[in-house]
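Need the 3D shape of this:
(2 chains)
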Amino acid sequence: DQQVKQNSPSLSVQEGRISILNCDYTNSMFDYFLWYKKYPAEGPTFLISISSIKDKNEDGRFTVFLNKSAKHLSLHIVPSQPGDSAVYFCAASVSNQFYFGTGTSLTVIP
Amino acid sequence: SQTIHQWPATLVQPVGSPLSLECTVEGTSNPNLYWYRQAAGRGLQLLFYSVGIGQISSEVPQNLSASRPQDRQFILSSKKLLLSDSGFYLCAWRIGTDTEAFFGQGTRLTVV
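Now for the predicted structure:
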């Protein structure tokens, strides 16, 4: 059973606009959440994370929001750049277990 | 600095043949180690994780097995490959439980 879900398989955004990627999870025990970026035939690279005791974490153009009551996580990229085009995975962790969502393919249009 | 090595990068194997994929980590001790698979058009599925030598937790019952003979070595194996074992296999490591995981470059396995 998929514990971490990304319901939008793809997203297209104009350069300079905001990209919002969403993620839902089912396990209320998850206590650490992350976003990764992935290119084809490569391993994912870490972008940003958030602990369950926080509701927002910001790093440059990337901001992650956590809504624990809704079991929802989102990544905001502002402004979006063509180089941001990739597949984005959210991930959730509890203890030593570490689960990924199904990914959202982001295309930033110049 | 820490690095993770995964090989081979690509592999084509016939159905029914054995499999051994190796992953090693350098520059750290006692990492948690993970094997994931990304099937075509799908997300990253957690297959196995290990918190120490000889300690393997399996997430999905399947045709694969994992072993950790040394602290920084994680091996994914199969005795007889199936067509459905095709995919992109990724090894990862992390220290602790509230940190990011770092991934290898992956192995593209095609079973024919």
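
which residues of the chain score low on pLDDT?
Going with chain A. Counting by pLDDT under 70, chain A contains low-confidence residues at A:1.

Let me rephrase: I mean chain B.
Using pLDDT under 70, chain B drops low at B:61.

Enumerate the residues of it near chain A.
B:6, B:32, B:34, B:36, B:42-46, B:49, B:51, B:57, B:59, B:88, B:90, B:92, B:94, B:97-106, B:108 (Cβ under 8 Å from any Cβ of the partner chain). Any C-beta I mention is one placed from the backbone N, CA and C, and that applies to glycine too.

and the residue positioned nearest the centre of chain B, what element?
Centrality entry for chain B: nearest residue to the mean C-alpha point is residue B:35, 3.2 Å, by Cα atoms, centre = their mean. Element membership of residue B:35 [criterion: DSSP states H and E] is strand B:32-38.

Direction included, what does that strand pair up with?
strand B:44-52 (antiparallel), strand B:87-94 (antiparallel) (DSSP bridges).

what's next to the shortest one, contact-wise?
In this structure, residues lying in contact with strand B:87-94 by Cβ atoms under 8 Å, 6 or more residues apart in numbering or on different chains are A:41, A:43-44, A:98, B:2, B:4, B:6, B:21, B:23, B:25, B:28, B:31-40, B:44, B:74, B:76, B:100-104, B:106-109.

Check the offset of that strand from the chain's centre.
Offset of strand B:87-94 from its chain centre (Cα atoms, centre = their mean, to the nearest Å): 5 Å.

Which SSE is immediately downstream of it?
That would be, after strand B:87-94 and using DSSP H and E, strand B:102-103.

Repeat that for the first one.
Remark: after strand B:44-52, the chain's next helix or strand is strand B:55-58, criterion DSSP H and E.

Might you report the residue contacts of the spatially closest residue to residue A:100 that is not a sequence neighbour?
Closest residue to residue A:100 apart from its sequence neighbours, by Cβ to Cβ, 6 or more residues apart in numbering or on different chains: residue B:44 at 3.8 Å. Contact partners of residue B:44, counting by Cβ under 8 Å, 6+ apart, are A:44, A:89, A:100, A:103, B:36, B:37, B:38, B:90.

Good, we can wrap up now.
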